[in-house]
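Novice: structure of the sequence below:
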Amino acid sequence: MTKLSVNINKIATLRNARGGNTPNLLEAALACESFGAQGITVHPRPDERHIRYADVFDLKAHIRTELNIEGNCKEQKFVDLVLANKPAQVTLVPDELGQITSNHGWDTIQHQSYLKDMVALFHDKNIRVSIFVDPVPKMVEAAVGTGTDRIELYTEDFARKYPKDAEMAIKPYQSAAKIAQEVGLGLNAGHDLSLENIAYFSQNIPGLLEVSIGHALISEALYLGLKKTIKEYLRKLP
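Specialist: From the prediction side, this is the model:
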C-alpha cells in the first residue's frame with residue numbers, strides 16, 4: 001500500500017498570518033492522523049514563514065505516525081533540528097534561500113560525495129533518508145552511491161502535463177521508478193499531486209511507497225473538508 005503523508009505547511013501559513021495559534025498546528029496534525037493519514041510531513045525554512053522550528057519538537061512529541069522532515073541539509077540549523085528530533089524520515093531537498101517552493105531535485109552526480117556524508121550522518125542516528133530528485137535516469141542511478149534509502153520523485157512536471165497528455169506525462173516517472181526498483185531504492189513522490197491526478201500516478205508507478213501532499217490537499221479541504229479529502233486520497237491510492 002502507498003502511504004499518505006500530509007504536509008501541514010499550509011496550515012502553519014494560515015496560523016502565522018494572524019500571529020496567534022489558530023488553526024492549532026498540532027491539533028490539525030492529530031486530526032489528519034485520526035482521519036487515516038499514515039504520516040505527517042513538515043518543511044521548515046530559515047525564515048520560518050510557515051513551519052517554525054519549535055513546531056517540529058511539538059509534533060515529534062505527540063504524533064503517532066511517521067514524521068517526515070524535509071529541507072535543505074546545507075543549512076546547519078536544519079541538520080541540528082533533524083538530529084535533535086530523530087524523525088522516521090528526513091527528505092533532503094536542494095532549496096535555495098528565499099525560494100517560494102521546491103522546484104528541482106538534487107544533482108546526485110555533482111553532489112554525490114556531499115550527499116553521501118549527509119546520509120551517513122543521519123543514518124548514524126537511525127533516521128531513514130530520502131533524496132529529492134528529478135525523474136532523470138542518471139540521477140536516480142547516481143543516488144545509489146549516496147547510500148540513501150529512498151528517493152522522492154519531484155512530480156511538478158507530471159502534474160503540469162497531466163491534463164493534456166497523461167501517458168506522456170507519466171513516462172519519465174515510470175522509467176525512473178523502474179530504475180529505482182532495479183538498483184534497490186525505495187520510492188516516494190511529491191509536489192503538486194492532487195485528487196485530480198493521484199490515482200493515475202499511483203496506479204502507474206510500480207513500487208511507490210509514499211506520497212507527500214500538502215498544498216493541493218489543504219486547498220481541496222477548503223471545499224470538501226479535511227476528513228473527506230484525506231479519505232478520498234486514501235481511496236485513490238493502491
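
Novice: could you pull up phi and psi at the residue at minimal distance from the centre of the chain?
Specialist: Nearest residue to the geometric centre of the chain (C-alpha atoms, centre = their mean): residue 212, 4.2 Å. When read as degrees, to the nearest 10, the backbone of residue 212 gives phi -110, psi 120.

Novice: who does it bridge with?
Specialist: Beta-bridge pairing for residue 212 (DSSP bridges): residue 5, residue 190.

Novice: tell me the mean pLDDT for the helix ranked longest in the chain?
Specialist: The longest helix of the chain (DSSP state H) is helix 166-183. Mean pLDDT, helix 166-183: 98.

Novice: list the contacts of that helix.
Specialist: Here helix 166-183 makes contact (C-beta atoms under 8 Å, 6 or more residues apart in numbering) with 133, 135-137, 140-141, 144, 151, 153, 155, 157-158, 160-162, 186-187, 189, 197, 200-201, 204-208. Every C-beta, even on glycine, is put in place using the N, C-alpha and C of the backbone.

Novice: also stretch 67-76?
Specialist: Identification of contacts with stretch 67-76 by C-beta under 8 Å, 6+ apart yields 5, 7, 39-46, 56, 59-60, 78-79, 81-82, 85, 87-96, 102, 118, 130, 132, 210, 212.

Novice: show me where this protein has its helices.
Specialist: Using DSSP H, helices in the chain cover 9-18, 25-34, 53-62, 76-85, 112-123, 137-143, 156-161, 166-183, 198-204, 215-224, 226-236.

Novice: didn't residue 39 look like it was pressed against residue 8?
Specialist: No. Look at residue 39 against residue 8 with C-beta atoms under 8 Å: they stay out of range, at 10.7 Å.

Novice: more neighbours, those two?
Specialist: residue 8 (27 against 22; other C-beta atoms under 10 Å).
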